[in-house]
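Peer 1: Below are the sequence and a predicted model; questions follow.
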Amino acid sequence: MAAADSPSAALRRHDLCTRGIRLAGKMRADVVDLLDTYVEQQGLDASVSVTAVEGVPAAAVERWDEQTGTQRLLENLAAYRAFRALLAQMLEEQQEQLGEADAALGPALAAVLLQVSAFAYHLEELLRLESRGPPSEEGAGPPPLSHLGLFERKLRGLGVLRELAQWAVRSARDLRQLAKPSLGSSSAPGPAESP
């Protein structure tokens, strides 16, 4: 029996998935709260439509039910690494733009950035358990913002936070699939297991 298939590894995977689901739920709640604060502080309309933002991975995926556990973990890890870089960039912009005058947005953004970093580490642990180390972070960085004006950066930040909230939902769903005893890292779920 392979190490990733042993009873203790299956129990550990289930435990990591369960904790990851809780982390994703907490992160989503905090991102939703942050979105409210962000919209208010930036003077944006909450109903404003934001098109796809460069560098922001989309949570929506075609054929979700055909993905293996490892594919799910790798996509989640790539997304959270991108969000970590994007949120760090947003935090830096906020500090430059608002300085110390902002009492709510900066700390909330920093807290979500910390949660995203912790969640990325959690995903790396799951990949290690699946006998597959996490891929390197080469080239993982946000696109340059020099060409964006202040309003475009605000909209970009709104797009980042909205998509992060969607990723938290997808991550919880992915981890639920991975936690199922019948789903290993290399098997695809059956049609009855789609979201």
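Peer 2: Yep, that arrived. Residues are numbered from 1 along each chain as shown.

Peer 1: Can you tell me the SS state at the nearest residue to residue 59 once chain neighbours are set aside?
Peer 2: Nearest residue to residue 59, sequence neighbours excluded (CB to CB, 6 or more residues apart in numbering): residue 166, at 3.9 Å. Yep, even glycine has a C-beta here, placed from its N, CA and C like the rest. State at residue 166, reduced to three classes by DSSP: H, G, I helix; E, B strand; the rest coil: helix.

Peer 1: how near is residue 166 to residue 60?
Peer 2: 7 Å (CB to CB, to the nearest Å).

Peer 1: In terms of neighbours, single out the busier of those two.
Peer 2: residue 166 (17 against 8; other CB atoms under 10 Å).

Peer 1: Isn't that one up against residue 56?
Peer 2: No. Look at residue 166 against residue 56 with CB atoms under 8 Å: they stay out of range, at 10.2 Å.

Peer 1: what's the average pLDDT for stretch 151-160?
Peer 2: For stretch 151-160, mean pLDDT is 90.

Peer 1: again, but for stretch 97-117
Peer 2: The average pLDDT for stretch 97-117 rounds to 83.

Peer 1: For it, C-alpha coordinates in CSV please.
Peer 2: In CSV, the C-alpha atoms belonging to stretch 97-117 read as follows (Å, rounded to 0.1, in the frame of the first residue of the first chain):
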residue,chain,number,x,y,z
GLN,A,97,-2.8,56.3,-0.9
LEU,A,98,-4.3,56.7,2.6
GLY,A,99,-1.3,56.6,4.9
GLU,A,100,-2.2,56.3,8.6
ALA,A,101,-5.6,58.0,8.1
ASP,A,102,-7.2,54.6,7.4
ALA,A,103,-8.1,52.8,10.6
ALA,A,104,-10.1,49.9,9.1
LEU,A,105,-9.0,49.0,5.6
GLY,A,106,-5.3,48.5,6.1
PRO,A,107,-5.5,46.1,9.1
ALA,A,108,-8.4,44.2,7.4
LEU,A,109,-6.4,43.8,4.2
ALA,A,110,-3.4,42.7,6.1
ALA,A,111,-5.4,40.1,8.0
VAL,A,112,-6.9,38.7,4.8
LEU,A,113,-3.4,38.6,3.3
LEU,A,114,-2.2,36.6,6.3
GLN,A,115,-5.1,34.2,5.9
VAL,A,116,-4.3,33.7,2.2
SER,A,117,-0.7,33.0,3.0
